[in-house]
Structure formats: structure tokens, C-alpha cells
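A.B. asks: coordinates for the following, if possible.
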Amino acid sequence: MIYTVTLNPSLDYIVEMNDITLGALNRTKNEAILPGGKGINVSQVLKTFETPNQALGFVGGFTGDYIETLLHTLDIETNFIRVNEQTRINVKVKAEQETEINAKGPRITTENYMALQDIIRELTHEDTLILAGSIPSSLSTTTYEELASICQETGTRFVVDAEGDLLKNVLPHKPFLIKPNHHELGDLFGVTINNCEEVIPYGKELINMGAENVIVSLAGEGAVFMNQEQVYVSTVPKGVVKGSVGAGDSMVAGFMAMYEKTHSFEEAFRYSVAAGSATAFSTGLCTREKIESLLPEVRIVKF
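C.D. replies: Alright, predicted model coming up:
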């Protein structure tokens, strides 16, 4: 079973507008209310691939109730820890420029966190845990390291989609997969990365630091997959980008869903790129039909 962890989930209010003027009345063209948070996004795209999974994390109040209801409607299992404050509401404005207003989120107590640890300790070598997104200010910055350490003890395969020190500090625990974008990779090493070829030496360094598999996305410039044995470089499909929210999460989900089914890194990478592009070209998260339609445009070269 695949388990996703979203430490600070949200109820996302998504509004589409022609343009937005500050200090004036603005009207929407379209709007939607969706469960949000990187791990929750991964869970939804895994379900698109018909991959069973369970969403873990913290929820509270009527907004938390609504997130659980929405996920259950999508036939996604949940095992959230209840907290005493409301789950946050984030606003995503899609106009000429994409604008996000993200709330802080509820306080997570020590008891809440220990309850999550107890759930993760029950996982085994047959399970995969996906840690995605930021850590709430009420939790320690070492939270991912602590959860990764539990996975090492139990033999649970784990994936990390985070940035900066959150990502760097889990590498000694040997994550199965990490997925920085080229900006995040450049920030880790203090360099600017402009193309797929420039990714390769720094991706290899991440592997030397402990990562088993690395995907680096470069938006319209392509993507790179690497491990100790192989390096693949992929083109990305052409299309109209409607938003970046969830594209990276879709890449993680597409990769893990297809790797579970095929155990082929190349095929998993192909679906990863198609899933990320499908979400970028959609108002919400990708559909399986959109992913399949883009697959022929994903060309992979082995380096």
C-alpha cells in the first residue's frame, strides 16, 4: 500500500479570472473548492491510476471534515489525526498571472505528532510512504528526518518531495525517490541550472548523498531521471499551461503508480512526465485520459 503524508493540508478555493485589479471589485469566470496539499494531490493522482493509497496527516474543524468527505467521494482512504483548530483555506487565483494566498494552518501538538508516528511505525517493507510539502511552524524542521528514520527502521520505502534543507537532510536515510525542480536543485548547490545536461552532475551528487532515484523537472525544457545505473532525459509535451499547482505532485504519483505496476524506471518516468504535463495543462489535477493523450509526445533518451 502507498501512504501519503500531508502535514498541513488545505481546502483550496480556486478562482479563474480574466484579470485581477487590486483595490477594485473582481468577478470570477469559474471557481472550484478542492482538497489541497501536496500529499493529498499525490493521493488523488494515484487514484486516477487506480493505485490504492491512504492519505495521512492532520485535519480539524469543518474544513477538515469537508476534505475527508471529498476524498471519500473519490474513494480515497484516509487516516487523519484530528487537531483542535480549523484546517486552513488557501486561495488560488488563475488570471494573467497565477497568484496564491496560503494560510498558516492549525497548531500541531506533540500528542498529534506522536499519533502520526505511531501510524507510520505500523508500516512494513511492503509499503511506501510519500512525504510531500512544507512542515507547519508548530512542528520541528527535523520532522521529515524523524519520519524517514522510522521508515529506515521498519524497512518502509519512502519518497520525499520537498526543498532546501528539508530535502537535503533526509538524504542520509536513503529515500527511494526525490523530485526537486531545477530551481530547487540549483539552490541546493548554489548554481543556476538552465538545461537537462546541466542537471546531471548535480543529480549524481544527490545520489552520492543517499537518494536512490532522482527526478528533476525543468518545466518546458524537459525532465531528467537518474539512479546509480542509468540516466534518462525526457522531452515534455506542448500545450497551454493553465497552472503549475499540483504538476510536481502529479509527477511523483505518476512515477510511483507505474513503477508499482511495471517495475520499469523508464516506463514510470514516461508516465511521470505525462502526468505532470497533463496537470499543468488542466484547471485542476490531471485525468487518466489527458495523461494517455500526452504519452506519445514524451520522448525519452538514455544518456
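A.B. asks: quick one: contacts for Q44?
C.D. replies: 35, 71, 74, 76, 253, 285 (C-beta atoms under 8 Å, 6 or more residues apart in numbering). C-betas here are computed from N, CA, C, even on glycine.
A.B. asks: at 6 Å what do you get?
C.D. replies: L285 (C-beta atoms under 6 Å, 6 or more residues apart in numbering).
A.B. asks: tell me which element it falls in.
C.D. replies: helix 38-48 (DSSP states H and E).
A.B. asks: after that helix, which helix or strand is next? Please name it.
C.D. replies: As the chain continues past helix 38-48, the following element, by DSSP H and E, is strand 53-59.
A.B. asks: helices or strands next to the helix or strand following that following strand in the packing?
C.D. replies: Once strand 53-59 ends, the next helix or strand along the chain (criterion: DSSP H and E) is helix 61-73. The contact analysis (3 or more C-beta pairs under 6 Å, 6 or more residues apart in numbering; DSSP states H and E) places helix 61-73 against strand 30-36.
A.B. asks: coming back round to it: now find how far off-centre the helix holding Q44 is within its chain.
C.D. replies: On the basis of C-alpha atoms, centre = their mean, to the nearest Å, helix 38-48 sits 8 Å off its chain's mean C-alpha point.
A.B. asks: buried ones in it?
C.D. replies: For helix 38-48, the neighbour count (16 or more other C-beta atoms under 10 Å) marks 38-48 as buried.
A.B. asks: does F255 touch A274 like I think?
C.D. replies: No. Between F255 and A274 there is no contact under C-beta atoms under 6 Å: 10.5 Å.
A.B. asks: what strand or helix carries I130?
C.D. replies: Using DSSP H and E, I130 falls in strand 128-132.
A.B. asks: helices and strands of this structure: which one has the lowest mean pLDDT?
C.D. replies: strand 98-101 (a mean of 88; mean pLDDT, DSSP states H and E).
A.B. asks: buried set for it?
C.D. replies: Going through strand 98-101 with 16+ other C-beta under 10 Å, nothing comes out buried.
A.B. asks: what is that strand packed up against?
C.D. replies: strand 88-94.
A.B. asks: which ones are touching V59?
C.D. replies: 67, 80, 87.
A.B. asks: separation between the residue minimising distance to the centre of the chain and T6?
C.D. replies: Of all residues in the chain, the one closest to the mean position by C-alpha atoms, centre = their mean is D249, 2.9 Å from it. In this view, D249 and T6 are 10 Å apart by C-beta to C-beta, to the nearest Å.
A.B. asks: now do F158
C.D. replies: 15 Å.
A.B. asks: same check on L46?
C.D. replies: 13 Å.
A.B. asks: show the pLDDT at G254.
C.D. replies: For G254, the pLDDT comes out at 98.
A.B. asks: circling back: what does the next helix or strand after the strand holding I130 contact?
C.D. replies: Later in the chain than strand 128-132, the nearest helix or strand by DSSP H and E is helix 143-154. For helix 143-154, contacts defined as C-beta under 6 Å, 6+ apart pick out 120-121, 123, 129, 131, 135, 158, 166, 169-170, 173.
A.B. asks: redo these as CSV? Include neighbour count.
C.D. replies: Below are these laid out as CSV (neighbours: other C-beta atoms under 10 Å):
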residue, neighbour count
I120, 21
R121, 13
L123, 20
L129, 26
L131, 29
I135, 17
F158, 26
L166, 19
N169, 16
V170, 26
H173, 19
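A.B. asks: please flag which of these sit within helices.
C.D. replies: In this view, these that belong to helices under DSSP state H are 120-121, 166.
A.B. asks: any regions of the stretch 151-300 of the chain where pLDDT drops low?
C.D. replies: When residues are selected by pLDDT under 70, none of them lie in the stretch 151-300 of the chain.
A.B. asks: try 80 this time
C.D. replies: 243-245, 283 (pLDDT under 80).
A.B. asks: could I get the full set of strands for it?
C.D. replies: When assigned using DSSP state E, counting those that start in this stretch, the strands of the stretch 151-300 of the chain occupy the ranges 157-161, 177-178, 213-217, 223-226, 231-234, 300-302.
A.B. asks: the shortest one - which strands sit beside it in the sheet, and in what orientation?
C.D. replies: Strand 177-178 has its sheet partners listed here by DSSP bridges as strand 157-161 (parallel), strand 213-217 (parallel).
A.B. asks: give me the contacts around it.
C.D. replies: Residues contacting strand 177-178 (C-beta under 6 Å, 6+ apart): 159-160, 211, 213-214.
A.B. asks: ok, and the most crowded of these?
C.D. replies: Of all the contacts of strand 177-178, V160 has the most neighbours under the rule other C-beta atoms under 10 Å, reaching 28 neighbours.
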